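Visitor: here's a sequence, model it:
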Amino acid sequence: MRGLACGLCLLVLLPASGCLGSRERKVSGTVTWEGKPVPDGTINLIPTDPNLPAATGKIVNGAYEVFAVPGPKKVEIYASREVGEFLPHMGMAAREMYIPEEYNALSTLTLEVGASGENTYSFELPEKPK
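Guide: Below is the predicted model of the structure:
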């Protein structure tokens, strides 16, 4: 009986993990803030279908690359910077999130990951969202 239960679990889990990985497509592009490349940050691609996994990638010198399953996505962009002096008890300087929540937690930015072809999207973020 235990073997049957394990077998059933594998039948459910393996297709979910294997199929998604083979369907993922590269999404890349650039992110600028006030006309300058975001030096260091994070980009999240959140699917509109809650049954699909989100994808997260690093933004480095304004460029990002993420692998995501095809379909429509909400885009969240996060970046922080040092403010103030180095704090020895923290081992770093204090940081502030400088990209407003209109581009992350409250984002209306979207993109569509295509099943084929290139998926290149650039985001030019002005200080004040439109």
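
Visitor: all strands of this structure, in order?
Guide: 25-33, 36-37, 40-47, 55-60, 63-68, 71-78, 80-87, 92-97, 110-113, 123-125 (DSSP state E).

Visitor: show me what contacts the closest residue to residue 63 other than its chain neighbours?
Guide: Once flanking residues are discounted, residue 63 sits nearest to residue 30: 5.6 Å by CB to CB, 6 or more residues apart in numbering. Where you see a C-beta, it was placed from the backbone N, CA and C, and this is true even at glycine. Contacts for residue 30 (CB atoms under 8 Å, 6 or more residues apart in numbering) come out as 37, 62-64, 122-123.

Visitor: cool, and residue 44?
Guide: Shown in contact with residue 44 (CB under 8 Å, 6+ apart): 54-56, 75-78, 104.

Visitor: just the buried residues out of the residues you listed, in ChimeraX syntax.
Guide: Entered in ChimeraX, the line below selects the buried ones among those, by 16 or more other CB atoms under 10 Å:
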select :55,75,76,77,78,104
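
Visitor: taking the contacts of residue 44, tell me the two that lie furthest apart.
Guide: Pairwise distances across the contacts of residue 44 peak at 15.0 Å for 55 and 104 (criterion: CB to CB).

Visitor: do you know how far residue 61 is from residue 30?
Guide: When distance is defined by CB to CB, to the nearest Å, residue 61 is 9 Å away from residue 30.

Visitor: residue 52 versus residue 66, what's the distance?
Guide: In terms of CB to CB, residue 66 sits 14 Å off from residue 52.

Visitor: so for these two, which sits in the more crowded spot?
Guide: Legend: neighbour count by other CB atoms under 10 Å for residue 66 and residue 52, higher for residue 66 (23 against 16).

Visitor: which residues touch stretch 114-130?
Guide: In contact with stretch 114-130 (CB under 8 Å, 6+ apart) are residues 23, 25-35, 70, 75, 77, 99-100, 102-103, 109, 111, 113.

Visitor: which residues does residue 26 contact?
Guide: 65-67, 119.
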